[in-house]
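Engineer: structure for the following, please:
(one chain, ligands or ions: 1)
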Amino acid sequence: MPQVMLTSAAVTQARQLFFEEGTLPNGLVHDAVWRSWQRCLGDGRKAGEVMAFNPIRRNSVAGLLERNRQLIIASEPAILLLAKAMTCTGYGILLTDRDGVCLAVSGPIEHCGNMLRQALCPGVDLSERAIGTNAMATAMAEGLPIGIFGGEHFFAQNETFQCVAAPIFDPHGTLVGSIDITRDAPGAQFGALSLMLDCAAAIETSLFLQSPAHITIGLNWRADANDKFSVVIVAFGKDGEVQAINRAARRFLGIGATVSGLRYQDLFQGNFAGLMDAIKTARHPIPLTLQSGLCLFAQPLFLKPHETVTVRSSAANAPLKQTVMPAFGDAAIQLSLHRSIRALSAGLPILIQGETGTGKEVAARALHANSAGCKGPFIAINCGAIPRDLIEGELFGYADGAYTGARRGGAKGKIEDANGGTLFLDEIGDMPIDLQTRLLRVLESREVTRLGESTLRKLDIQLISATHQDLDTLVLEKRFRSDLYFRLNGMMLYLPPLRLRSDLSTLIDALLSEEGIDPARLAVDKRLTLESYPWPGNTRELRTALRFAQVMADDLAPILLCHLPDAVRGLKSAPSLLPASSQQLQGEIVAVKPLKELASEVITSALYESKGNITCAALQLGISRATLHRWLNKN
Ligand SMILES: Nc1ncnc2c1ncn2[C@@H]1O[C@H](COP(=O)(O)OP(=O)(O)OP(=O)(O)O)[C@@H](O)[C@H]1O
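Structural biologist: Predicted coordinates for the structure are as follows:
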């Protein structure tokens, strides 16, 4: 039965038939609804009972989020976009795991009532068993997107809720969770079902790109289609074996649940080596012919990093020099980076969002270096670091004598400096509101006027901005102009915090190499310690910790637990989110402690770990027993 919004009269009648007369309300509600009601009754629940939104145990939440890390990261970009679309709808957005436990929430939750706000919290059990019929649980039980409106909820207490959800499957077709929008007020629906379906498809694609493959391609019947989030996707191993295909590909190619034994040539004419050659040499998209004779167009979405080929994007014609990409091994981030390069090269401004130290500036430089404007300069300006009365002149430039103390002959501003290249506006959330108006004018007209001048100077710049702040909130609080926000946000690049990244081990290796430390010096168990630390200062803090370990360990000797900073080893609480500069300073302060004091700390810690056994401690420290004895006797 196709789902339509049923009148509340039909639902009331359905409830009466089902709950009071014990008959099936066929046709009055979606069949999936009364199937869910039956399951709830089977669980011994009563429609009139009082229920509560209960969080799982507090200390289990971290484990829950860790277990679902891939799903959470894969969902982040779609949820961010969805939250933007939902700003004025009153819907909260939530992601659940496959058991219906809430993993992440977003959207205008502050407008929701108390009861809904209790439900919209990571860790709250929203399964059918816990809260009765709801869209997330029913969508997952049925494997289809569904809306559950008002009285369709099992518990009468939940009759105010309107929710629409879609299930999410991993690349192997296994259910992994659901995406849902819920509000606690009636109102018109707006194609929410297909919105949820699109969103689930986008998340599934991101999950798909996280799974290891030699090459992943997106296929479309149109040569000009560049929306990678809705295409048919196939991943191949290095000899052309099909490793995974997404739901759309299964439907499109008529393939069942299992792909085992399926090879490139079972699907396409020609051979896999031909595809790889074309990817290395040709412009994309690449025409491929199915065994049925149908001609499709392929775009490479992911290439194993050691394939140092030059990928050309047809949309912006921008070469992606994978060799200069920083260490963002996480496939979801890589995909976003590549999409951002295309967008930037095509003239769209990029807004990078992420906590402090997640690599926003590193990413901005990589976007510039790989974009169409890479031959021009990269000009970075930190909007939060320049004094209020200097920022205007610094950005826009000024004429001779524009203000007291201005340089004779005037000066170009950073915006003009960036001509032909990229302007990077860091900490854009800190830009004073009056300057936001001026910046907006410049960005719209692509012309700049220096302070105290009327001459218009033409601009040709690529724009990247970055912030660790939630610009949506700043807009709501009227501290950031919404029109500037939309002007800056041609595409959002979200950099997840380290604790949610799936490539920590790769990043550690990359940073060790950058610091000139042989990655082999860090054994697996030490890596596990690094991987279980939450890294509030993100990559900046990780780099500082590795530098610290290098200073503590002897040259070329293995890096041991006692060489890692105390916070990482859990010996003192993790630092709070300090501003970047003070974290760097912290690292420096640690590094300039007297050597003797440092040595004493390291040796004490090694002795403690080896329970006083001199041989073990010496081994840990990478020194001889005699040296350790000598040191202990002297001190
Ligand atoms: N992907 C990466 N590869 C190598 N180093 C990285 C990466 N990301 C971040 N870093 C390191 O972390 C430090 C912080 O990076 P960056 O300044 O780009 O972060 P940010 O998000 O802009 O921080 P803030 O918001 O505090 O300005 C850099 O000095 C760099 O050493």
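Engineer: mind listing what's buried in stretch 253-271?
Structural biologist: Within stretch 253-271, the residues scored as buried using 16 or more other C-beta atoms under 10 Å are 253, 255, 259, 262-264, 267-268. (Glycine included, C-beta is placed from N, CA and C.)
Engineer: what's across from residue 218 in the sheet?
Structural biologist: Listed by DSSP bridges, the beta-bridge partners for residue 218 are residue 233, residue 299.
Engineer: how many neighbours does it have?
Structural biologist: For residue 218, the count of nearby residues is 29 (other C-beta atoms under 10 Å).
Engineer: first-to-last residue distance for stretch 155-173?
Structural biologist: 31 Å (C-alpha to C-alpha, to the nearest Å).
Engineer: mind checking the pLDDT average for it?
Structural biologist: Mean per-residue pLDDT for stretch 155-173: 91.
Engineer: what's the answer for stretch 206-221, then?
Structural biologist: Rounded mean pLDDT across stretch 206-221 is 79.
Engineer: now do stretch 289-304
Structural biologist: Averaged across stretch 289-304, pLDDT comes to 82.
Engineer: got the CA coordinates for that stretch in CSV?
Structural biologist: Provided in CSV are the C-alpha atoms of stretch 289-304 (Å, rounded to 0.1, in the frame of the first residue of the first chain):
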residue,chain,number,x,y,z
THR,A,289,29.7,-0.7,-22.2
LEU,A,290,27.7,-3.2,-20.2
GLN,A,291,27.5,-6.8,-21.4
SER,A,292,23.9,-5.9,-22.4
GLY,A,293,25.2,-3.3,-24.8
LEU,A,294,24.1,-0.3,-22.8
CYS,A,295,26.6,2.5,-22.7
LEU,A,296,27.3,4.1,-19.3
PHE,A,297,29.8,6.7,-18.1
ALA,A,298,32.2,6.0,-15.3
GLN,A,299,33.9,8.4,-12.8
PRO,A,300,36.6,7.2,-10.4
LEU,A,301,35.4,8.0,-6.9
PHE,A,302,38.2,6.4,-5.0
LEU,A,303,41.6,5.1,-6.0
LYS,A,304,43.9,3.3,-3.6
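Engineer: tell me the gap between that stretch and the middle of its chain.
Structural biologist: Computed by C-alpha atoms, centre = their mean, to the nearest Å, the chain-centroid distance of stretch 289-304 equals 27 Å.
Engineer: got it, and stretch 234-245?
Structural biologist: Chain-centre distance of stretch 234-245: 25 Å, with C-alpha atoms, centre = their mean.
Engineer: and it, what's buried?
Structural biologist: Judged by neighbour count using 16+ other C-beta under 10 Å, the buried positions of stretch 234-245 are 234-237, 240-245.
Engineer: would you turn those residues into JSON lines with pLDDT and distance to residue 440?
Structural biologist: Shown next, in JSON lines, are the buried residues of stretch 234-245 (pLDDT from 0 to 100; distance: C-beta to C-beta, whole Å):
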{"residue": "234", "pLDDT": "88", "distance to residue 440": "43"}
{"residue": "235", "pLDDT": "88", "distance to residue 440": "42"}
{"residue": "236", "pLDDT": "90", "distance to residue 440": "46"}
{"residue": "237", "pLDDT": "89", "distance to residue 440": "49"}
{"residue": "240", "pLDDT": "92", "distance to residue 440": "51"}
{"residue": "241", "pLDDT": "92", "distance to residue 440": "52"}
{"residue": "242", "pLDDT": "90", "distance to residue 440": "49"}
{"residue": "243", "pLDDT": "86", "distance to residue 440": "47"}
{"residue": "244", "pLDDT": "84", "distance to residue 440": "44"}
{"residue": "245", "pLDDT": "84", "distance to residue 440": "45"}
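Engineer: in helices, which of those fall?
Structural biologist: In helices, judged by DSSP state H, none of the buried residues of stretch 234-245 are found.
Engineer: now, which of those sits nearest the ligand?
Structural biologist: Nearest to the ligand out of the buried residues of stretch 234-245 is residue 235 (C-beta to the nearest ligand atom; 24.1 Å).
Engineer: surely residue 299 meets residue 217?
Structural biologist: Yes - taking C-beta atoms under 8 Å as the definition, residue 299 is a contact partner of residue 217 at 6.6 Å.
Engineer: residues of the protein that sit close to the ligand?
Structural biologist: Contact residues (C-beta under 6 Å from any ligand atom) of the chain with the ligand: 326-328, 354, 356-362, 468, 510-511, 539-540, 543, 580.
Engineer: thinking again about what came up before, which one of the buried residues of stretch 253-271 is nearest residue 20?
Structural biologist: Nearest to residue 20, judged by C-beta to C-beta, of the buried residues of stretch 253-271 is residue 255 at 47.3 Å.
Engineer: how near is that closest one to residue 86?
Structural biologist: Distance, residue 255 to residue 86, by C-beta to C-beta, to the nearest Å: 35 Å.
Engineer: residues in contact with the residue of the stretch 301-450 of the chain found nearest the ligand?
Structural biologist: Among the residues of the stretch 301-450 of the chain, residue 359 lies closest to the ligand, at 2.5 Å counting by C-beta to the nearest ligand atom. Neighbouring residues of residue 359 by C-beta atoms under 8 Å, 6 or more residues apart in numbering: 326, 328, 495, 538-539.
Engineer: what's the PyMOL line that selects buried ones from the residues you listed?
Structural biologist: Filtering the contacts of residue 359 down to the buried ones (16+ other C-beta under 10 Å) takes a single PyMOL command:
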select buried, resi 326+328+495+538+539
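Engineer: CSV for the contacts of residue 359, including pLDDT and distance to residue 334?
Structural biologist: Formatted as CSV, these follow (pLDDT from 0 to 100; distance: C-beta to C-beta, whole Å):
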residue, pLDDT, distance to residue 334
326, 66, 11
328, 70, 6
495, 87, 12
538, 90, 18
539, 91, 15
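Engineer: count of neighbours near residue 64?
Structural biologist: Other residues near residue 64 come to 18 when the count uses other C-beta under 10 Å.
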